[in-house]
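>>> Following is a predicted model, sequence given first.
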Amino acid sequence: MPDFTFRQNAILPETPRPIVSIGMGGIVHDAHYPAYRIAGFQVAGGYDLSAERAAMMKDKFDVPVIYDSLNAAIVDSPADAVFDVAVPGNAITEILRELPRGRAVLIQKPMGDDLAQAREILAVCRERELVAAINFQLRFAPFIIAARDMIEQGLLGELYDLEVRMQVNTPWQLWGFLFPLPRVEILYHSIHYVDLARSFCGTPRSVYAKTMSHPSAPDLRGGVRSMIIMDYGDNPRVNVMTNHSHAYGSQKQQSYVKFEGSKGAIQIRAGLNMNYPDGVPDRFEYVLLEEGAEPSWQSLDISGSWFPEAFIGAMASLQRYANGETDALPTAVDDAIETMATVEAAYASSANGGTALPAM
């Protein structure tokens, strides 16, 4: 089998814009700022409700300016800055209403707490003519960029199957804000895989789903296990299966994204989810069918991972679009609303239950 090389990195803007953070919490610490350092993006300043938190981030990441209010962050920011909004979903709309008309803004997922809030966010973005995208960054993980390149080159042929399987032991205590929420697993975790499937297969015609809690995490009423079937007719089959309560050691943990097509297949181990937050190494394997030859799986070396490198692509794609360097904005709010609608359908399916057995 010949050696192949595939694109793994996001395309950076020719003229990077400064970034102003609104919200400087854990995801900014763990992923946004490390990604921006790798990419060479300048963080011009930031604001957080907690002055203590903001001061810590300033010291650790050399943030030049900490604004003392949301208004100051908006009014005193550079005229060409991109606003990087990382706040709870129910706080997004009011912040967007304050942004100057026509500005660029990257909004941390999810796009609100439900579809109603997502519609409101979309309406505000349109009314204020914001260049707005949602940070569905898994699309830009290096292993996903490589998989997309292979698929777009036709090496897998017609896509028959896309499956995501997460059987891990997730330390939910790291995110205390999730515990009182009525929606957790799908809205805050599996939404990545729903959006990923949409990016390859489009929006499904319907959804079958069940999300549930687990006896080991009774305080997480928003669910820690889900099964989502995205209906595209006979092909492709698209399944998302998650179990965050696999507390039986690492040997049988699973964290993979699998693509199967008429000419080949890809299986990716997304190691971040295993032994989180330390993770384990990612693994990218693929097989291309050759007539008369036994299928032989190959490994592809991937540089970078989901955290933090995927966060480069989310910001880079927005900046390139805002600069007029491309006419494509993959995670624009107009597209992200369809991911939110798919998530809403999954919750509706889960609430409605399955089909009762007929009378015997």
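Cool, got the structure. Please read these numbers as outputs of a predicted model, since none were measured by experiment.
>>> Show me which helix runs longest in this structure.
Longest helix of the chain, by residue count under DSSP state H: helix 333-352.
>>> Just the buried residues of that helix, please?
Going by neighbour count (16 or more other Cβ atoms under 10 Å), the buried part of helix 333-352 is 333, 335-347, 349-350. The C-beta positions use only the backbone N, C-alpha and C, and glycine is treated the same way.
>>> before we move on, what about stretch 226-240?
The neighbour-count check on stretch 226-240 (16+ other Cβ under 10 Å) flags S226, M227, I228, I229, M230, Y232, P236, R237, V238, N239, V240 as buried.
>>> tell me the contacts of the last one?
With contacts defined as Cβ atoms under 8 Å, 6 or more residues apart in numbering, the neighbours of V240 are E163, V164, S190, Y193, V194, A197, S226, M227, I228, M230.
>>> can you check the second one too?
Applying Cβ under 8 Å, 6+ apart, one finds that M227 lies in contact with A209, K210, T211, N239, V240, M241, T242.
>>> What is the nearest of those to L178?
Among these, T211 lies closest to L178 (Cβ to Cβ), at 13.6 Å.
>>> Wait, a strand at that closest one?
Yes: counting by DSSP: H, G, I helix; E, B strand; the rest coil, T211 is part of a strand.
>>> Quickly list what it is bridged to.
Applying DSSP bridges to T211 yields these beta-bridge partners: S226.
>>> isn't it right up against M241?
No: taking contacts as Cβ atoms under 8 Å, T211 lies outside contact range of M241: 11.3 Å.
>>> out of the two, which sits in the more crowded spot?
T211 (23 against 17; other Cβ atoms under 10 Å).
>>> Roughly how far does the more buried one sit from R37?
Plainly put, T211 is 36 Å away from R37 if you go by Cβ to Cβ, to the nearest Å.
>>> One more: Y232?
Distance, Y232 to R37, using Cβ to Cβ: 39 Å.
>>> Overlap in contacts, T211 and M241.
Common neighbours of T211 and M241 (Cβ under 8 Å, 6+ apart) are S226, M227.
>>> Show me how far the helix or strand harbouring I38 is from its chain's centre.
Element membership for I38 (DSSP states H and E) is helix 33-39. Put simply, helix 33-39 sits 17 Å off its chain's centre (Cα atoms, centre = their mean, to the nearest Å).
>>> what do you get for stretch 39-56?
On Cα atoms, centre = their mean, the centre of stretch 39-56 falls 22 Å from that of its chain.
>>> Span of it from start to end?
By Cα to Cα, to the nearest Å, the extent of stretch 39-56 from end to end equals 22 Å.
>>> Would you indicate which residues of that stretch are buried?
A39, F41, V43, A44, G45, G46, Y47, D48, R53, A54.
>>> Any chance of those in JSON lines with secondary structure, distance to A72 and pLDDT as columns?
Converted to JSON lines, these look like this (DSSP: H, G, I helix; E, B strand; the rest coil; distance: Cβ to Cβ, whole Å; pLDDT from 0 to 100):
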{"residue": "A39", "secondary structure": "helix", "distance to A72": "26", "pLDDT": "98"}
{"residue": "F41", "secondary structure": "coil", "distance to A72": "22", "pLDDT": "98"}
{"residue": "V43", "secondary structure": "strand", "distance to A72": "16", "pLDDT": "98"}
{"residue": "A44", "secondary structure": "strand", "distance to A72": "13", "pLDDT": "98"}
{"residue": "G45", "secondary structure": "strand", "distance to A72": "9", "pLDDT": "98"}
{"residue": "G46", "secondary structure": "strand", "distance to A72": "11", "pLDDT": "98"}
{"residue": "Y47", "secondary structure": "strand", "distance to A72": "7", "pLDDT": "98"}
{"residue": "D48", "secondary structure": "coil", "distance to A72": "12", "pLDDT": "98"}
{"residue": "R53", "secondary structure": "helix", "distance to A72": "16", "pLDDT": "97"}
{"residue": "A54", "secondary structure": "helix", "distance to A72": "12", "pLDDT": "98"}
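>>> now, which of those residues sits nearest Q153?
A39 (25.5 Å).
>>> So, low pLDDT: which residues of this protein?
In the predicted model, the chain carries pLDDT under 70 at residues 1-4.
>>> mind listing the helices in it by residue range?
Here the chain has its helices, by DSSP H, at 26-27, 33-39, 51-61, 70-75, 92-98, 115-127, 142-152, 191-201, 310-322, 333-352.
>>> Highest mean neighbour count out of the ones you listed?
Most buried of the helices of the chain, by mean neighbour count (mean count of other Cβ atoms under 10 Å): helix 310-322, with a mean of 25.
>>> Other residues contacting that one?
Here helix 310-322 makes contact (Cβ under 8 Å, 6+ apart) with 9-14, 16-17, 19, 31-32, 34-36, 38-39, 41, 82, 84, 104, 106, 131, 133, 135-142, 144-145, 326-332.
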